[in-house]
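>>> Any chance you can model this:
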Amino acid sequence: MQTLRLALDPSLDERYAPEIAWTWRYLLTGAGYAWHVCHLAEPSDIAYVAEPQRAPFARLVIQATPRLWERRSAPRLVGVAAVDGFTHPLYNGERADEQLIVGDQGRLILNRDILFDVFWLLTGQEETHFPKNRHGYVDLSGAPYLRDHVVRQGLASGIGARFEHLLGETGIPPGEPRWRHGKRAAAAISHDVDYPEVVRWLEPLRVLLRQGIRGLPAAIDVMTGKRHHWQFNAWLALERNLGAPSAFYFVARQGSLREYALGTPDSFYDIRAPQFRALFRTLIDAGCEIGLHSSYRAYASIVQFAREKRLLEEVAGVPVVGNRHHYWHLDPVNPEATLAIHEQLGFTYDASLTHDRYLGWRRGSCWPFFPFLQQERRELRTLQLPTGWMDSQLFLERDANPGEPDEVLRALADRTAAQGGLLLVNVHDYVFDDVLFPGWATTLRRLWEHLIARGDFWMATPAEIATHWHTRYRRLLASSAGLGVERAIATGAPL
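Here you go, the predicted structure:
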């Protein structure tokens with residue numbers, strides 16, 4: 001295991017130590033390195049310092065910008081800049097540099113505070129400035145995130161990948177591989193089980209709303225029971241052929257049409273029913289993961305949230321380690337409060353921190369990461385698996401996601417591979433029928449065929465991917481010194 005010597009500017013470390021340490025852990029463990037923190041006057045591999053001349057013995061110097069840390073919620077994104085292999089945010093009042101990396105007496109100096117860029121992206125500093133709808137969805141209309149397709153670029157993990165290459169340019173050997181079997185990237189299929197049993201008088205209306213008058217025959221088929229949403233066997237057959245085990249997230253709180261009409265849109269099925277008990281056995285025997293699709297208002301009550309997790313575990317007969325919120329419904333005012341509940345309930349991972357309407361990565365990372373709880377200035381223990389694409393984004397939100405679907409998804413996959421990240425997709429349980437949902441399942445199949453043809457993606461369930469990342473992360477921490485790891489290792493306290 002390769003261990004780097006890291007020197008930190010004492011003045012920054014004193015004021016922003018938890019924030020800077022968390023960001024360094026994301027970059028270094030993402031790139032596969034352990035570390036030992038040393039003094040600026042000592043020889044080091046990397047120095048993070050406001051004045052480069054203060055680190056004369058560092059192989060790579062990253063110039064810090066204290067004023068950004070002082071006003072970290074103030075910068076606003078006006079675009080992106082691509083310079084010297086880095087694609088980074090361009091904040092209001094900034095001009096794009098013509099050069100970021102300079103050579104100086106045998107060392108490289110990066111005169112851009114990429115630590116702050118990554119922190120700003122991963123913690124969603126700008127999200128508070130955007131309007132939200134009643135579900136808490138961020139509206140990016142008119143913002144560079146949509147205009148320049150920034151959400152598709154993975155800026156934070158892109159900075160991490162370029163940083164990793166820059167270390168190689170200084171002569172530092174590669175770090176520990178990110179993924180199993182020598183693969184360049186990882187991929188996982190997941191299904192939100194929202195509507196497996198159709199309401200026969202209601203669903204024909206939904207078909208007509210989606211397809212217009214041409215959907216009349218399909219609507220009649222639904223009304224008469226010839227078409228349905230119980231598509232689990234079809235998914236299992238497809239995924240078996242693709243060699244891609246998936247996760248199914250089930251809602252454990254049964255809702256109703258009345259609640260739906262009054263603003264609580266939980267699913268209508270009861271996981272305790274015999275057909276679901278049998279389904280769980282079938283899915284588990286096929287190697288699938290059972291996850292929780294926490295209810296619409298679960299974030300508001302840890303007692304209710306825990307009840308849902310416990311019920312699903314009892315009925316399915318397996319531990320539930322992963323979660324995704326129904327409607328992506330985190331606390332609209334303070335999403336981090338919901339992420340903290342995931343930790344309290346002992347989830348290994350969550351996969352909810354994404355946009356509903358917009359394809360891409362909400363926090364700019366296709367690398368999994370442990371979110372930062374800003375109120376307590378610490379790292380959360382529940383891993384966040386970033387979801388990159390949900391099916392409806394390319395079929396019901398085309399204006400917000402322009403482009404031919406297959407081309408858009410292949411580009412997203414290629415971006416993921418270039419950054420060595422995770423492509424986690426979400427295709428709902430009920431959309432396999434090509435008459436009711438033309439092209440939805442076929443688009444997923446073609447994407448996975450593209451990944452298979454590439455040959456450099458490790459395909460696994462989200463739980464397997466999260467377990468791998470946890471294990472790799474802890475192994476790197478155990479070989480490191482500094483950035484808060486000693487106390488966490490010795491006491492088990494959060495980082």
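
>>> Direction included, what does the longest strand that the chain contains pair against?
Across the chain, the longest stretch assigned as strand under DSSP state E is strand 185-193. Sheet partners assigned to strand 185-193 using DSSP bridges are listed as strand 246-250 (parallel), strand 422-426 (parallel), strand 457-459 (parallel).

>>> Determine the number of other residues adjacent to Asp429.
Residues near Asp429, counting by other CB atoms under 10 Å, number 20. All C-beta spots, glycine's among them, are computed from the backbone N, C-alpha and C.

>>> if I read this right, it contacts Phe232, doesn't it?
Yes: Asp429 is within contact range of Phe232, at 7.0 Å (criterion: CB atoms under 8 Å).

>>> what do these two both touch?
With contacts defined as CB atoms under 8 Å, 6 or more residues apart in numbering, the residues shared by Asp429 and Phe232 are 196, 248.

>>> Val80 - that's part of a helix, no?
No: assigned with DSSP: H, G, I helix; E, B strand; the rest coil, Val80 falls outside any helix and is strand.

>>> Please name the bridge partners of it.
Pro89.

>>> what sits against it?
The contact partners of Val80, taken as CB under 8 Å, 6+ apart, are 87-90, 144, 148, 150, 153, 155.

>>> now do Ala417
Neighbours of Ala417 in contact, by CB under 8 Å, 6+ apart: 184-185, 454, 456-457.

>>> one more time with 10 Å, if that's ok
The contact partners of Ala417, taken as CB atoms under 10 Å, 6 or more residues apart in numbering, are 183-187, 366, 423, 451, 454, 456-457.

>>> List only those of those flagged as buried.
Using 16 or more other CB atoms under 10 Å as the burial test, the contacts of Ala417 include 183-187, 366, 423, 451, 454, 457 as buried.

>>> Please identify which pair of the residues you listed lies farthest apart.
Cys366 and Arg454 (15.2 Å; CB to CB).

>>> ok, back up a step: so can I have a markdown table of the buried ones among the contacts of Ala417 showing pLDDT?
Shown next, in a markdown table, are the buried ones among the contacts of Ala417 (pLDDT from 0 to 100):
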| residue | pLDDT |
| --- | --- |
| Lys183 | 98 |
| Arg184 | 98 |
| Ala185 | 98 |
| Ala186 | 98 |
| Ala187 | 98 |
| Cys366 | 98 |
| Leu423 | 98 |
| Leu451 | 98 |
| Arg454 | 97 |
| Phe457 | 98 |
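
>>> Would you mind putting the residues you listed into CSV with distance to Tyr16 alongside?
Below are those laid out as CSV (distance: CB to CB, whole Å):
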residue, distance to Tyr16
Lys183, 35
Arg184, 33
Ala185, 32
Ala186, 32
Ala187, 35
Cys366, 26
Leu423, 32
Leu451, 39
Arg454, 40
Phe457, 36
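
>>> Can you tell me which of the residues you listed is closest to Gln393?
Leu423 (14.1 Å).

>>> can I assume the closest one is in contact with Trp389?
Yes: in this structure, Leu423 is within contact of Trp389 by CB atoms under 10 Å, at 7.8 Å.

>>> coming back round to it: mind checking which of the strands paired with strand 185-193 is nearest Val193?
It is, among those and with distance given as CB to CB, strand 246-250, at 4.9 Å.

>>> Go through that closest one and flag the buried ones.
For strand 246-250, by 16+ other CB under 10 Å, it's 246-250.

>>> again with stretch 359-377
359-374.

>>> Restricting to C-alpha, output that stretch in PDB.
Only the C-alpha atoms of stretch 359-377 are listed here, as PDB (Å, rounded to 0.1, in the frame of the first residue of the first chain):
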ATOM      1  CA  LEU A 359     -29.800  13.200 -15.200                       C
ATOM      2  CA  GLY A 360     -26.300  13.200 -13.600                       C
ATOM      3  CA  TRP A 361     -24.700  13.600 -10.200                       C
ATOM      4  CA  ARG A 362     -26.300  16.100  -7.700                       C
ATOM      5  CA  ARG A 363     -23.200  16.600  -5.700                       C
ATOM      6  CA  GLY A 364     -20.700  16.300  -8.600                       C
ATOM      7  CA  SER A 365     -19.300  12.800  -7.700                       C
ATOM      8  CA  CYS A 366     -19.600   9.400  -9.300                       C
ATOM      9  CA  TRP A 367     -17.300   8.200  -6.600                       C
ATOM     10  CA  PRO A 368     -19.100   6.900  -3.500                       C
ATOM     11  CA  PHE A 369     -18.500   9.200  -0.500                       C
ATOM     12  CA  PHE A 370     -19.200   9.500   3.200                       C
ATOM     13  CA  PRO A 371     -21.200  12.800   3.500                       C
ATOM     14  CA  PHE A 372     -20.100  15.600   5.800                       C
ATOM     15  CA  LEU A 373     -22.500  16.700   8.500                       C
ATOM     16  CA  GLN A 374     -21.800  20.400   8.600                       C
ATOM     17  CA  GLN A 375     -23.700  21.100  11.800                       C
ATOM     18  CA  GLU A 376     -21.400  18.800  13.800                       C
ATOM     19  CA  ARG A 377     -18.400  19.200  11.500                       C
END
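
>>> Return the distance of stretch 341-349 from the chain's centre.
Centre-to-centre, stretch 341-349 and its host chain are 16 Å apart (CA atoms, centre = their mean, to the nearest Å).

>>> ok, now stretch 234-253?
19 Å.

>>> go on, stretch 140-149?
Worked out by CA atoms, centre = their mean, stretch 140-149 lies 19 Å from the chain centre.

>>> Stretch 285-292 now?
Per CA atoms, centre = their mean, the centroid offset for stretch 285-292 relative to its chain is 20 Å.

>>> That stretch: end-to-end distance?
18 Å (CA to CA, to the nearest Å).

>>> Could you do stretch 432-441 as well?
The first and last residues of stretch 432-441 sit 5 Å apart, counting by CA to CA.

>>> Over to stretch 374-388?
Span of stretch 374-388 from end to end, CA to CA: 24 Å.

>>> mind listing what's buried in that stretch?
In stretch 374-388, counting by 16+ other CB under 10 Å, buried: 374, 378-388.

>>> what's the closest of the buried ones among the contacts of Ala417 to Gly30?
Looking across these and measuring by CB to CB, the closest to Gly30 is Cys366, at 10.5 Å.

>>> Many thanks, I have nothing further to ask.
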